[in-house]
Structure formats: structure tokens, C-alpha cells
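In: Structure here, sequence nowhere to be found:
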């Protein structure tokens, strides 16, 4: 069953408000989760809502208030997020940084103790759509899922990073992480009783494996493989170190503090092309190269080169026309939350034609 995006945003907003979240925060989180689903990033869309609600019930997410300003020099800002909703914190930080970047050219924000910030591509899109370059890097100091290159003991998280920038009809949205696959995908595979197509994990002895169970029930516990795999994992390790330094070092909080709550640290940078060679010059270069990539002779007939962001743009267009549908497990989890919080599920009138 396909449901219109506006109805899904309303539904998710009501869910979070019923759990005690302030209305502006609930509406922002709901909007960005549904945008994420519209982009095709289903592991980080409304599928996250039951997890957020469960953490709210345990007291893990703050539901009201504002971030504490630890330091503000104008061009650089440090916030303590106090575990407020990460999507709302990021939306607010990006809006502030864009406003300042229009006067300063470059603004950098470091956030510590944010709650989960969701899909990074959806976040940088909000700035790229308005002509800015946005860079986000994220780590979770309380979690350990990835071992350093050459080691077997998990020490850090997949450490995602993203960049979004204008490039023609729609922005380029690069969203990647230091590990080959993610925690969410591993849990999804494990719950479905599936193996990965390739050995993207390591067991507790450092051997490559396709089995997601090595991260869930094995002893010693395994880890996610770094980008580059067994032969070139130093590349992913380098990315992870950079993201740890920028998200935790600059915010002044991280693994050294031994946090015990689900949350994240963030490095955010917004750049205004007008302060460099100019917005027109920027768009000329990025648009030219994007077109050149798409025009490149494909390795497989009928499968043209696709830039990061192309599939998301098409998915958003489709969602606007046909609505969004969900797998049975996600819909059942949302229904259970709705029943517990006495919130009405989207009605048949919301089904797209």
C-alpha cells in the first residue's frame, strides 16, 4: 500500500508528539525521515522511528530544550546537543551555518552528544538545494563495530561522511562510510537470516566472512570490514581516523569520556561558492563534470554511469506521484508503536492513486 508523503509526515509527527517530543522537533524529525524514505534510503527512514521511540521510553533522547553553546566565534561553533533529536539539531545547525556562510563564506560547527542524526545525504541535500556546499562527518563514541586495520577488536563505528553540492538539475549527494557496509544493514541481514553477497565482515579472529551473526552473537565478536577490505583497509582506516578527529576532537568530547548512551558527534561545514571563484563558476565546473561522467561509455550496455544523487532525485519524483510503500516488518513495527501511543495509522484515503 502506497501512502502520500504528507500523510506519513503527519503520522510520524503525531507519533513523536505522543511520546513527549516538542511539536517543532517532532515535525522536523518526521519530515527528514520521510524525505530519507523518498530518496530510497529505507534503512534510515521511518524504519528508525520505532528505535527512536524505544530510546525515548528508556530516557535516552531529550525531548525539549535547545543545544548548549559551548563556544561561538562566528565562523566556528561548538554545541553540546544534550542528546536532543539529532535530525532536529542538524536541521537547526545547517540553517544557522547557511545564514552565517552567506556573510562569512565558510562556517564550521562541531556538535557533541547529539542523538542519532539519520541519513547524511538527506541532511546535506537541504544545503545543496540552496546553492551551498555541505560536508558532514559523524561518529558514535559509545559504540564499537569496526576494528582498526590490522586488528580484530572493534573500536569505532562505520563513521559516515557526506558531501552535497549543486551540479545542474539536482545536487550531487555523496554519502559513504569508513566500513564497507553498515550496522543497520548487518542487523537487517541477520534478522532476515541472510548472508552478505561478499565477505564484508571479519570474524573475531580476523577472517573475512559473509555471516552477519559474527557481529550479533559470536564470541569473540567480529567487526565490519573497512573500505579497501583485507588488502587495502588502510584506506578506510584513514577515513575513520579523520572523522574521529573532526567529530570528537573538535567538539571536545568522545571515546576518552566513555559515554554510554546512543548518540553521535558531528562535524558540519557549510561553504558558500560566492566567496571563492563564484557560484556561477562553481556550477559551470560541477555541472560540466557531472555531464561528462554520465556521458561516459558504460561498462554494461543499458546501465549508464550514475552520479550519487541521481537515483535519489528520481526516487523523490516517484514518491511525489505514487507515494511510499513499506515492507511488512517496518509497517508492523510502526503499527505497534501507533497502537501503544494511541495514534491513528494513515487511512485508505491517504493511498496514492
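Out: Now that the structure is in, tell me what you want to look at. None of the values given here were measured: they were computed from a predicted structure.

In: got any ranges where this protein has weak pLDDT?
Out: Within the chain, the segments meeting pLDDT under 70 span 1, 348-353.

In: For the most centrally placed residue in it, give me its contacts.
Out: Geometric centre of the chain, nearest residue: residue 119, 2.1 Å, by Cα atoms, centre = their mean. Residue 119 is in contact with 32, 36, 39, 41, 44-45, 175, counting by Cβ atoms under 8 Å, 6 or more residues apart in numbering. C-beta: built from backbone N, CA, C; applies to glycine.

In: Filter these down to the buried ones.
Out: 32, 36, 39, 41, 44-45, 175 (16 or more other Cβ atoms under 10 Å).

In: so how far is the top helix by length along the chain from its chain's centroid?
Out: Ranked by residue count, the top helix of the chain under DSSP state H comes out as helix 86-104. Put simply, helix 86-104 sits 16 Å off its chain's centre (Cα atoms, centre = their mean, to the nearest Å).

In: From the buried ones among the contacts of residue 119, which land in helices?
Out: Judged by DSSP H, the subset of these located in helices is 32, 36.

In: In strands, which of the buried ones among the contacts of residue 119 fall?
Out: Using DSSP state E, the subset of the buried ones among the contacts of residue 119 located in strands is residue 175.

In: about what we covered before: against residue 267, how distant is the residue nearest to the centre of the chain?
Out: Here residue 119 is placed at a distance of 17 Å from residue 267 (Cβ to Cβ, to the nearest Å).

In: can you give me the helices for this structure?
Out: Using DSSP H, helices in the chain cover 5-18, 23-38, 49-57, 86-104, 120-128, 183-192, 229-232, 234-244, 279-295, 310-322, 328-341.

In: in the first one, what's buried?
Out: Going by neighbour count (16+ other Cβ under 10 Å), the buried part of helix 5-18 is 5, 7-18.

In: and of those residues, the nearest to residue 85?
Out: residue 16 (8.0 Å; Cβ to Cβ).

In: and the residue nearest to the closest one when sequence neighbours are not counted, how many neighbours?
Out: Distances taken as Cβ to Cβ, 6 or more residues apart in numbering put residue 26 closest to residue 16, at 3.6 Å, once the chain neighbours are dropped. Around residue 26 there are 22 other residues, counting by other Cβ atoms under 10 Å.

In: check contacts around residue 26.
Out: Counting by Cβ under 8 Å, 6+ apart, residue 26 makes contact with 12-17.

In: With distance to residue 335 as extra columns, can I get these in a markdown table?
Out: Output for the contacts of residue 26, formatted as a markdown table (distance: Cβ to Cβ, whole Å):
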| residue | distance to residue 335 |
| --- | --- |
| 12 | 13 |
| 13 | 17 |
| 14 | 14 |
| 15 | 11 |
| 16 | 16 |
| 17 | 18 |
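
In: Between all of those residues, which two are separated the most?
Out: Most distant of the contacts of residue 26, by Cβ to Cβ, are 12 and 17, 9.6 Å apart.

In: re earlier: with distance to residue 199 as extra columns, can I get the helices of the chain in JSON lines?
Out: Shown next, in JSON lines, are these (distance: least, Cβ to Cβ, whole Å):
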{"stretch": "helix 5-18", "distance to residue 199": "37"}
{"stretch": "helix 23-38", "distance to residue 199": "28"}
{"stretch": "helix 49-57", "distance to residue 199": "27"}
{"stretch": "helix 86-104", "distance to residue 199": "31"}
{"stretch": "helix 120-128", "distance to residue 199": "26"}
{"stretch": "helix 183-192", "distance to residue 199": "13"}
{"stretch": "helix 229-232", "distance to residue 199": "8"}
{"stretch": "helix 234-244", "distance to residue 199": "15"}
{"stretch": "helix 279-295", "distance to residue 199": "29"}
{"stretch": "helix 310-322", "distance to residue 199": "26"}
{"stretch": "helix 328-341", "distance to residue 199": "26"}
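
In: winner for burial among these?
Out: helix 120-128 (a mean of 26; mean count of other Cβ atoms under 10 Å).

In: list the helices and strands it packs on?
Out: With contacts taken as 3 or more Cβ pairs under 8 Å, 6 or more residues apart in numbering; DSSP states H and E, helix 120-128 sits against helix 23-38, helix 86-104, strand 133-139, strand 160-165, strand 172-177.

In: Residues in contact with it: which ones?
Out: The contact list for helix 120-128 (Cβ under 8 Å, 6+ apart) reads 32, 35-36, 39, 41, 44, 87, 90-91, 94, 97-98, 117, 133-136, 138, 160-166, 171-175, 270, 308-309, 312.

In: give me the number of residues near residue 66?
Out: Residue 66 has 11 neighbouring residues, counting by other Cβ under 10 Å.

In: Let me see the contact set for it.
Out: Residue 66 touches residue 84, counting by Cβ under 8 Å, 6+ apart.

In: what does residue 27 give?
Out: Per Cβ under 8 Å, 6+ apart, neighbours of residue 27: 9, 13.
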